[in-house]
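**Student:** sequence and computational prediction follow.
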Amino acid sequence: MRERYLFERKYIRKDNELKIPSKWEKLIGEDTVKILCKEYKEISSFFSENTQYYEQEAPSNVEYMEILEMYLAGSYKSEIIIENTMKDKLFFTFYIPFFKLARYYSRRKYGDILEKYFSKGIYEELYSALACVATRVLVNEIQFLENKLVGKNANEKYSAYVEMYLSNDEYIEELFQFYPLLLRCILEKICSVVEFYHQLISRWEKNVIEIKKCINIDNTEITKIKKVGDNHRNGKHTVKIFLKNGNAVFYKPRNLRISKIYYECLNILYEYVGLSCFKYRIADFGEYGWEEEIKYQKCKNKDEVKNYYVRMGCHIALSYILDIQDFHYENLISHGEYPVFIDIEVLCGHIKKNYIPLTANEKAKLFVENSVLGSGILPRGNKEMDIFCALSGKGGIKTGRKRLILINSKTSDMKFVYKDAKTKKGYNSPQINHKEYRYNGFVDEICLGFRKSYEYIWKNNKIFEGRFQNFSSRMLYNHTQNYSKLIQLSYHPMFMTDGGERQLILSKNFFFHIRINPKNGKDLFESELYAMLKGDIPYFSFLSNKKELYMDNHQMIKEYFTITPEQYIRMRIKSLSSQDLYIQQYLLNNAIKGSTVHLENRMDYMHDTNFSVIKICKQIADYLMKIGIKNSLKTDINWIISLTGTIHISDMFLYEGIAGMIVFFAALNQVAPTRAYLEVQNILLNKLLEYTMNNSSSKAYSGAFCGEASIIYTYLVLYKISNEEKYIKYAKIHENKLFASLEIDRMGDLLYGNAGAVIIYLNMYELTMDKKYILRAEIAANYILKNLKEKYSIFNNIEGNKISRLDRGIAHGGSGYSICFTRLFGKTKKRKYLNIALELLKYDIKRNKKENQRSRKIYWCHGAAGIVLAQQEILKYIEDGSYQHIFEDYQTKISMIENNFNIELDSLCLCHGILGNIMIIEQLTGKIPCVPWTSTLSKLNYFIKKNLWTNLENGNPGFMMGLAGIGYAVLYLDENTKKFPNILKLEL
């Protein structure tokens, strides 16, 4: 009776007292256990100590009851099994009776239709399916019995276990009594495998003439059948059918109309871009279908490789418009000059999410998912995800995840361990001979295919709108790997002793469903549970003209979607526009990490002096407004940021977030106020204030560029720009968030940590003369010192230890810390702060000299420009000459920066670009270097006139590494505009 799952039981209880074992709170979460007990009486009864008894209900699986009766009767034992190729498989003796049972069950239920196919692949699949269920239990048993096994070594003890125990009927009976779920799961697997292959072979025999015609094969004699992919809906999966002539056909137990329509549309695009079409041979029979095998083929020449990547651009456009998901590298086959996706089953991937009210932040996140990045073809700067994406994925790469594997097989020492998982071999990159040609060398071709395809669909939308009808599609609700790991865990011996235990471990996702989908979460969970109890990956689907969602347990959720998938696709096609094309091209360029434009004649912009600083800044503002993601009411806005290979939405802070944007727009509105810019400024201010007024405790960093101090600094800069006292008030309110973040800071540095917080507290004191901010600056400084001691064993002169390896420069290194402690000395006159500042600066200078021998860095963040700012800061406090050696290269650094402005340098940004260094030279010398400044404006003007935004920090909108900061720097440096604070020095 313990093989029954909880929903198959009826409990009678005396009272409602519960005693939940702590193991379940650890295994599936305390909240999950509580809500499961609340929603399901049988689960709370399972945990009750006062359950008097329970009555059983027979499982609703009729096939299981039927095969159980056959097993108990033993009639199958006379079956003869000859399978020499499998006799060496692990624990093979244990499975022989079940092979006999499967053959007996097949013949009793379906006649002789499968007889000749058992040896052609059904036995192999049976073994894999049953081993998945039983291996962990059998390994546990051999470990338990090891002292009773006779043998000189671990190999002989394994043989003894097989001969003495797995061949012993009494032991097998005891095994199933102790692990009742083991027998049930094995019998259910036999049922599903036999039923599936009966259906497959019946369909093959029925369709064989049509298959020969559609797929163009001349010999239909099957030599082998092989499982491919995951199980869904009672063991259904893709099968590769090998034929006598060497060809192969794939059977797919689902509607293939999506694939047929997709390649019809793709061929329209191929013709438009001037390339030959690809005929993908598919025989679709509604509930199932047959496909030809697409084999990997090398390209003949470089032109074919270029054509391959133009076609890939067509794929990216079409998959974007259809909102396709799950195009990973294993689904892509390089077939000569044709990239072929062999498994298209997820259309309208975000149809559900598109009709939920969203903030600009949520909308920006959804925008990324809904964009060209959503299909899985393009890398997104997420290492864990990008190793699977169609373009960048390849075999042999560590996934960052662990995989459960068996070691010391066929010995009494065998055990399961977790080892690093690696990706499987891929066939997704074109080759000539043995040389592989990766995507990032063909940026122009990909972008060309994308742009032309997008424009053609946009301008000929009627051709495409009517094609996507009468199809069915899968909907992904959770990652397949998450389901697989949970199913695998459920076969652990711990959960095979009682149906209640296995059901509970598979209920781990219940709280997740209820939390993200309160209305339908329970229904979705029950469908998932129904599938996973059978060892299947849950499968949700929909029909193109319906709003319902169909689930594994033969149930559906009515009106699950707001519109039908057909309407959704028409809506997406109609939403195509020049602005959307521009944004998608921006994302595409950043994803493949290249620029579509290469400036061969740089003299064009060097001599162009016909420009206006204000006009340049307005054009930057217009571009930022163009690519901003707004909510439906246009009362909120956000941006997509692409930095160091990652793509994400902007945060609230100065470096790349909302705070940096408002600083630029506020400065521009002081110089050239425009209604549209003022509206953006107000939206951003409201967004920032909402964050400030939120009373939830801060879990953010404390720093002056990427933390809570950056919000305060932004308010102070806005005050200096506008002279409006309200900004001082906002800064005071936000200070509570900053103070809460000081203690949890582990970064310490200027950008993210308390070094930045100290400086901003001193700025607050300078404007308010409130000594509270001096005290809090010292509190932050003490946290810094504690952190530095723990992480870097500081200091030489202060604590008697030598400085360990800090980063160099102002952003994360000694110079940033030095400025912090120098300014603290300036306000408190406590000599210890100056001593600390000197030691940190001395270390940074020494390290910079050493590393400059390898790389000549002169920028603000990690190079000489930031270090010389720290030298300038501390120089005014050194009077006795004792530390003059620290400043001996001060003028040398300034000259080095002045003499190394390279107009061919791609970066103009504040963090590590030309404009940042011009601002620093202006700060150090009081003069703007004329030639670099003029050349930079010419370059900016040239890029903007030519609409080459991707050449400007890859079109990034952010402040320190993007366009907002470039615009602010131009305004700061222009002699005709009001003097604004120098952000790089955190001044007011």
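**Tutor:** The structure has been received and is ready for your questions.

**Student:** give me the mean pLDDT for the strand or helix carrying residue 163.
**Tutor:** With elements delineated by DSSP states H and E, residue 163 resides in helix 154-164, which encompasses its position. Regarding helix 154-164, the rounded mean pLDDT is 95.

**Student:** just how off-centre is it within its chain?
**Tutor:** The offset between the C-alpha centroid of helix 154-164 and the centroid of the whole chain comes to 46 Å, using CA atoms, centre = their mean, to the nearest Å.

**Student:** and what of stretch 518-527?
**Tutor:** How far stretch 518-527 lies from its chain's middle: 25 Å, per CA atoms, centre = their mean.

**Student:** neighbouring contacts of it?
**Tutor:** Applying CB atoms under 8 Å, 6 or more residues apart in numbering, the external contacts of stretch 518-527 come out as 39, 477, 507, 509-510, 513-515, 517, 538, 540, 549, 551-553, 555, 557, 560. Backbone N, C-alpha and C define where each C-beta goes, glycine included.

**Student:** OK, contacts around the closest residue in space to residue 261 that isn't next to it in sequence?
**Tutor:** Nearest-residue entry for residue 261: residue 467, 5.4 Å, with adjacent residues in sequence omitted and distances by CB to CB, 6 or more residues apart in numbering. The contact partners of residue 467, by CB under 8 Å, 6+ apart, come to 261, 264-265.

**Student:** now the buried members of the contacts of stretch 518-527.
**Tutor:** Among these, those that count as buried by neighbour count (16 or more other CB atoms under 10 Å) are 477, 507, 509-510, 513-514, 517, 538, 540, 549, 551-552, 557, 560.

**Student:** from residue 253, how far off is the residue positioned nearest the centre of the chain?
**Tutor:** Centrality entry for the chain: nearest residue to the mean C-alpha point is residue 385, 5.0 Å, by CA atoms, centre = their mean. Computed with CB to CB, to the nearest Å, the distance linking residue 385 and residue 253 is 28 Å.

**Student:** do residue 108 as well
**Tutor:** Remark: distance between residue 108 and residue 253 (CB to CB) = 24 Å.

**Student:** what strand or helix carries residue 283?
**Tutor:** In this structure, residue 283 is located in strand 282-284 according to DSSP H and E.

**Student:** what's in contact with that strand?
**Tutor:** Strand 282-284 has contacts (CB under 8 Å, 6+ apart) with 207, 210-211, 214-215, 255-257, 259-260, 263, 289-292.

**Student:** report the two of these separated the most.
**Tutor:** Of all pairs drawn from those, the greatest distance, 20.3 Å, lies between 207 and 263 (CB to CB).

**Student:** between these two, which one's more packed in?
**Tutor:** residue 263 (21 against 17; other CB atoms under 10 Å).

**Student:** wait, doesn't that one sit right on residue 278?
**Tutor:** Yes - using CB atoms under 8 Å, residue 263 makes contact with residue 278 at a distance of 6.8 Å.

**Student:** shared neighbours of the two, anything?
**Tutor:** Common contacts of residue 263 and residue 278, defined by CB under 8 Å, 6+ apart, are absent altogether.

**Student:** so of the buried ones among the contacts of stretch 518-527, which ones are in strands?
**Tutor:** Cross-referencing the buried ones among the contacts of stretch 518-527 against strands under DSSP state E gives 540, 549, 557.

**Student:** ok, now which ones touch the last one?
**Tutor:** For residue 557, the set of contacting residues under the criterion of CB under 8 Å, 6+ apart consists of 520, 523-524, 548-549, 551.

**Student:** quick check, nearest of the residues you listed to residue 302?
**Tutor:** Ranking these by separation from residue 302, with CB to CB as the measure, puts residue 549 on top at 47.2 Å.

**Student:** can you name the residues bridging to the closest one?
**Tutor:** In this entry, residue 549 is beta-bridged to residue 557, by DSSP bridges.

**Student:** break the chain into its domains for me.
**Tutor:** The chain resolves into domains spanning 6-58+478-537, 62-179, 263-280+297-393+428-469+569-596, 609-696+901-988 when parsed by automatic domain parsing.

**Student:** select, out of these, the one closest to residue 192.
**Tutor:** Shortest distance between residue 192 and the domains of the chain, using CB to CB, is found for domain 6-58+478-537: 6.9 Å.

**Student:** chain center to the closest one, what's the gap?
**Tutor:** 29 Å.

**Student:** with only the CA atoms kept, save stretch 763-780 in CSV.
**Tutor:** Provided in CSV are the C-alpha atoms of stretch 763-780 (Å, rounded to 0.1, in the frame of the first residue of the first chain):
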residue,chain,number,x,y,z
ASN,A,763,30.1,66.7,0.7
MET,A,764,26.9,66.7,2.8
TYR,A,765,28.8,68.4,5.7
GLU,A,766,30.2,71.0,3.3
LEU,A,767,26.7,72.0,2.2
THR,A,768,24.9,71.7,5.5
MET,A,769,27.7,72.2,8.2
ASP,A,770,25.9,69.4,10.2
LYS,A,771,28.7,67.6,12.1
LYS,A,772,26.6,64.5,12.1
TYR,A,773,27.9,63.8,8.6
ILE,A,774,31.5,64.0,9.8
LEU,A,775,30.8,61.4,12.5
ARG,A,776,29.1,59.1,10.0
ALA,A,777,32.0,59.6,7.6
GLU,A,778,34.3,58.4,10.4
ILE,A,779,32.1,55.4,11.0
ALA,A,780,32.3,54.5,7.3
